[in-house]
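Asks: Model the following, please.
(one chain, ligands or ions: 1)
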Amino acid sequence: MKESDLLHQIVRSLLAGQLKAAADPHRPRWHLAAPVGLLNDPNGFIEHDGRYHLFYQWNPLGCEHRNKGWGHVTSTDLLHWQHESVALLPTEAYESHGCYSGSAVSDEQGRLTLIYTGNVKFPDGSRTAYQCLARADGEGGFEKLGPVLDLPAGYSGHVRDPKVWHDGQQWLMVLGARTLDDKGEVLLYRGETLQSWQRVGSIAGSGHGGLGEFGYMWECPDLFPLGARHVLISCPQGIAPVGEDYRNLYQCGWLAGDFDGERFEHGAFHELDRGFEFYAPQTTRDSQGRRLLFGWLGLPEENEMSQPTIPYGWIHQMSCPRELFWQDEWLCQRPVAELEALKGEQIRFEGTLGEFPGLAIDSAWLDLDLCGEGSLWFGAVAELVWQPGRITLRRQNWQSGVWETRSSPWAGGRITVLCDRSSLECFIDEGRHSLSARYFPGEKPQLSSGNGDDGCKICLNHWPLSACLVQ
Ligand code: FRU
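Replies: Residues are numbered from 1 along each chain as shown. Presented below is the predicted three-dimensional model:
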């Protein structure tokens, strides 16, 4: 569509929709969400010239997966964000069906540059994809430089989500891919410039590195050093549940290993978040040397279109900003330290589960030290259940009404739960595992005691979190 036509429609959509979206009782108070329409993957996460930039997959015209462009917000503290001009809109033939996910780098001249997938669908149902560049134009917008890479031989039209970085000598890019015979892979490219790319090979995927059959498509890869090792995060599609693992329609997980610039020798695949909604995360290294991550608290194609926010004209939100770290060779996540600044007055409760008087959890930080067996209710539609060795998050499905569970191992350590109206992010054993979910408890949800041993002692620290909306 012509850019001016799209912009007219976006202005109307924002004028007509913003107040309605803001009035939704499920609207997050301190998480990022699109002003109107659909938000999905975090894109282009980078600290550049002293500001954090976060872009996001955005359909500004509705709650369906269509018209994908890139929204753009910036911040100096990862909490208070400012809207910037919309960065990318699908106006060209090489991106006719969406400016899909990608990343951002500072180019050789220090200019903020976006690398994204131009997605093109054909009437017969087939598609192709181009990896494209756009450069900051100095006036808050981005100038498109067009495609720099088209499909490699042997691959379907599903090759997308470029994550690019410079290793000190050259540019490197990983891409999510689906082969012609339906195997999910991560492709590696190298480039002397951002314009010229050579394929190195496939560094991970179904049938590689001892994984066996492991999905028909891998989306949103991200390869980065953390300490002495490398981590590959990616989102394989087409994996069947095994016991308590892989319970979502699509997976998101990590592989740890050694990367020599060409090959990635890695260990087993582990889920990055074991909750109901968490997908397509992206990381960046900031100037403090931290490896930061945002994820999408959503999942494509799973009961999305019945979410109760849709009547309010918006859908989905980001995770909280998280920091990655190792503990005993295990990839852990914690909410970034900046979030402490949102904490209000502390309330502490120590006693048995039966004595717990309940607390407001509209928007709150909870630290839980638990023992024995028991459970706490989050509104009437989610329950956190603990028993020796295991934490389970139960949630009533908003579409079917059926109670569903996701769970994680638990060594008995602290559990932190971040609540923001319609989201829960649980960090188990100081971040060794996480369980994230959307839930729709209605206005003013309460935390209250559930079932458990009568003598079950709990120690709970609660802080309300103040709002920090995007400006
Ligand atoms: C992941 C994903 C990406 C794609 C984008 C489109 O959620 O499917 O692979 O680039 O969303 O919005």
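Asks: Contact residues of the chain facing the ligand?
Replies: 40-41, 57, 68, 100-101, 117, 160-161, 219-220, 279-280, 300 (Cβ under 6 Å from any ligand atom). The C-beta positions use only the backbone N, C-alpha and C, and glycine is treated the same way.
Asks: strand partners of whichever strand or helix holds Val105, parallel vs antiparallel please.
Replies: In this assignment (DSSP states H and E), Val105 forms part of strand 99-106. If you go by DSSP bridges, strand 99-106 pairs up with strand 112-121 (antiparallel).
Asks: From the residues of the chain next to the ligand, which one has the minimum pLDDT?
Replies: Ranked by pLDDT, the residues of the chain next to the ligand bottom out at Pro300 (91).
Asks: Can you list the neighbours in contact with the strand holding Val105?
Replies: Strand 99-106 is contacted from outside by 41, 43-46, 48, 53, 55, 57, 68-70, 88-90, 112-119, 129, 131-132, 160-166, 171, 194, 219-220, 280, 282, using Cβ atoms under 8 Å, 6 or more residues apart in numbering.
Asks: one more time with 7 Å
Replies: Residues from elsewhere that reach strand 99-106, judged by Cβ atoms under 7 Å, 6 or more residues apart in numbering: 41, 43-44, 46, 48, 53, 55, 57, 68-70, 88-90, 112-119, 160-166, 220, 280, 282.
Asks: And the nearest residue to Tyr116 once chain neighbours are set aside, what's its pLDDT?
Replies: Leaving aside its chain neighbours, Tyr116 sits nearest to Gly102 (3.2 Å; criterion: Cβ to Cβ, 6 or more residues apart in numbering). If you check Gly102, the pLDDT there is 99.
Asks: List the contacts of the residue of the stretch 201-350 of the chain found nearest the ligand.
Replies: Residue nearest to the ligand within the stretch 201-350 of the chain (Cβ to the nearest ligand atom): Glu219, separated by 3.7 Å. Applying Cβ under 7 Å, 6+ apart to Glu219 gives the contacts 161, 176, 235, 237, 280.
Asks: So what's the residue count around the first one?
Replies: Applying other Cβ atoms under 10 Å, we find 30 residues neighbouring Asp161.
Asks: who wins for most neighbours among the contacts of Glu219?
Replies: Asp161 (30 neighbours).
Asks: The helix or strand where that residue lies pairs with which strands, parallel or anti?
Replies: Here Asp161, judged by DSSP H and E, is contained in strand 155-166. Sheet pairing of strand 155-166 (DSSP bridges) gives strand 171-179 (antiparallel).
Asks: And for the strand it pairs with, what's in contact with it?
Replies: 154-156, 158-165, 184-191, 194, 197, 216-221, 223, 234.
Asks: are any of the residues you listed buried, and which?
Replies: Among these, those buried by neighbour count (16 or more other Cβ atoms under 10 Å) are 155-156, 158-165, 184-191, 194, 197, 216-221, 223, 234.
Asks: quick one: low-confidence ranges for the stretch 1-150 of the chain?
Replies: Residue ranges of the stretch 1-150 of the chain with pLDDT under 70: none are present.
Asks: re earlier: select only the buried ones of the contacts of strand 99-106 in PyMOL?
Replies: Those of those that count as buried under 16+ other Cβ under 10 Å are selected in PyMOL with:
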select buried, resi 41+43+44+46+48+53+55+57+68+69+70+88+89+90+112+113+114+115+116+117+118+119+160+161+162+163+164+165+220+280+282
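Asks: Next, count neighbours for Arg199.
Replies: Neighbours of Arg199 (other Cβ under 10 Å): 14.
Asks: That one reaches Pro152, doesn't it?
Replies: Yes - counting by Cβ atoms under 7 Å, Arg199 touches Pro152, with 5.8 Å between them.
Asks: where do the helices sit along the stretch 1-150 of the chain?
Replies: Here the stretch 1-150 of the chain has its helices, by DSSP state H, counting those that start in this stretch, at 3-22.
Asks: how about the strands in it?
Replies: Here the stretch 1-150 of the chain has its strands, by DSSP state E, counting those that start in this stretch, at 37-48, 51-59, 69-75, 81-83, 99-106, 112-121, 127-136, 142-149.
Asks: chain center to the strand holding Val105: distance?
Replies: From the chain centre to the centre of strand 99-106 is a distance of 15 Å (Cα atoms, centre = their mean, to the nearest Å).
Asks: List the buried residues in that strand.
Replies: For strand 99-106, using 16+ other Cβ under 10 Å, the buried residues are 99-105.
Asks: Save those as JSON lines, and put in distance to Ala204 too.
Replies: What follows is those, written out as JSON lines (distance: Cβ to Cβ, whole Å):
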{"residue": "Cys99", "distance to Ala204": "26"}
{"residue": "Tyr100", "distance to Ala204": "21"}
{"residue": "Ser101", "distance to Ala204": "18"}
{"residue": "Gly102", "distance to Ala204": "19"}
{"residue": "Ser103", "distance to Ala204": "18"}
{"residue": "Ala104", "distance to Ala204": "23"}
{"residue": "Val105", "distance to Ala204": "22"}
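Asks: Hey, what's the angle from the strand holding Val105 to strand 51-59? Just curious.
Replies: 170 degrees (axes from the mean of the first three to the mean of the last three Cα atoms, to 10 degrees).
Asks: Convert the C-alpha atoms of strand 99-106 to PDB, please.
Replies: Backbone C-alpha positions of strand 99-106 (Å, rounded to 0.1, in the frame of the first residue of the first chain) are rendered in PDB as follows:
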ATOM      1  CA  CYS A  99       8.200  -5.800   7.400                       C
ATOM      2  CA  TYR A 100       8.900  -8.800   9.500                       C
ATOM      3  CA  SER A 101      11.200  -9.300  12.500                       C
ATOM      4  CA  GLY A 102      14.900  -8.300  12.600                       C
ATOM      5  CA  SER A 103      17.600  -6.500  14.500                       C
ATOM      6  CA  ALA A 104      19.400  -3.200  14.800                       C
ATOM      7  CA  VAL A 105      23.100  -2.300  14.700                       C
ATOM      8  CA  SER A 106      25.300   0.800  14.700                       C
END
